[in-house]
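> The sequence and its predicted three-dimensional model are supplied below.
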Amino acid sequence: QKEVEQDPGPLSVPEGAIVSLNCTYSNSAFQYFMWYRQYSRKGPELLMYTYSSGNKEDGRFTAQVDKSSKYISLFIRDSQPSDSATYLCAMIVTGGFKTIFGAGTRLFVKA
Amino acid sequence: SQTIHQWPATLVQPVGSPLSLECTVEGTSNPNLYWYRQAAGRGLQLLFYSVGIGQISSEVPQNLSASRPQDRQFILSSKKLLLSDSGFYLCAWSLTGTGVTEQYFGPGTRLTVT
């Protein structure tokens, strides 16, 4: 079993839709949970991070962590064509060096 | 501000040839440095990480090696490339210490081994 599972998609939605991206994990020691966005042929860039359980909102983006279910989500409201990218979840134990990444979900937002 | 550079951007090499990819970071001192490989649909595979000059940890046994000759320079090498070495290679850095270890990625090198 992989430490982090993420559906690779692709996921195609119309402009303005609410997008839900998800990851599950097996290591209960993970404390920091991150979402990276990667445009085609570019390096990933950090979009959001959360510590432990709960929600965090930043504009159109909401990150949600449910540690009891070992499940994290990223919601994108009012999706735009510019949101088309691969979204990678990532997580790390406190004080650790090694970040574990999901496989990434490819998202297409159609105008 | 900090910037990370990688070169070359693309590379086509024959099987059995050597490899050298370079990564440099500007605007920070004593960063943690990382090399990843990204294959289609497989996410990011951590290859090496370094917490200081000359300190290299390998995550995956393979024909690749890494070196850190200077504080902000990280080099990925191979003596003889295999077809399976093809992929998108990403260098990243993060701050040292505890807390959220956000990683900042370079633009990547797309390697095709023919």
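Looks like it arrived, so ask away.
> ok, residue 44 - contacts?
With no chain named, the answer covers chain A. With contacts taken as Cβ atoms under 8 Å, 6 or more residues apart in numbering or on different chains, A:Pro44 has the following neighbours: A:Tyr36, A:Arg37, A:Gln38, A:Leu88, B:Leu44, B:Leu90, B:Phe105. For the C-beta atoms, the positions are set from N, CA and C on the backbone; glycine is no exception.
> should've been chain B
Taking Cβ under 8 Å, 6+ apart as the criterion, B:Leu44 is in contact with A:Pro44, A:Leu88, A:Phe101, B:Tyr36, B:Arg37, B:Gln38, B:Leu90.
> Would you format the contacts of A:Pro44 as a markdown table with pLDDT, distance to B:Val113 and secondary structure included?
Compiled in a markdown table, those are given as follows (pLDDT from 0 to 100; distance: Cβ to Cβ, whole Å; DSSP: H, G, I helix; E, B strand; the rest coil):
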| residue | pLDDT | distance to B:Val113 | secondary structure |
| --- | --- | --- | --- |
| A:Tyr36 | 96 | 26 | strand |
| A:Arg37 | 97 | 28 | strand |
| A:Gln38 | 95 | 23 | strand |
| A:Leu88 | 96 | 25 | strand |
| B:Leu44 | 89 | 19 | strand |
| B:Leu90 | 97 | 17 | strand |
| B:Phe105 | 95 | 22 | strand |
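> all strands for the chain, in order.
In the absence of a named chain, chain A is used. Counting by DSSP state E, residue ranges of the strands within chain A are A:4-5, A:11-14, A:19-25, A:30-38, A:45-51, A:54-58, A:61-66, A:71-76, A:85-93, A:100-101, A:105-110.
> You answered for a different chain; I wanted chain B.
Secondary structure of chain B by DSSP E: the strands cover B:3-7, B:10-13, B:19-26, B:32-39, B:43-52, B:55-58, B:64-70, B:73-78, B:87-94, B:104-105, B:109-113.
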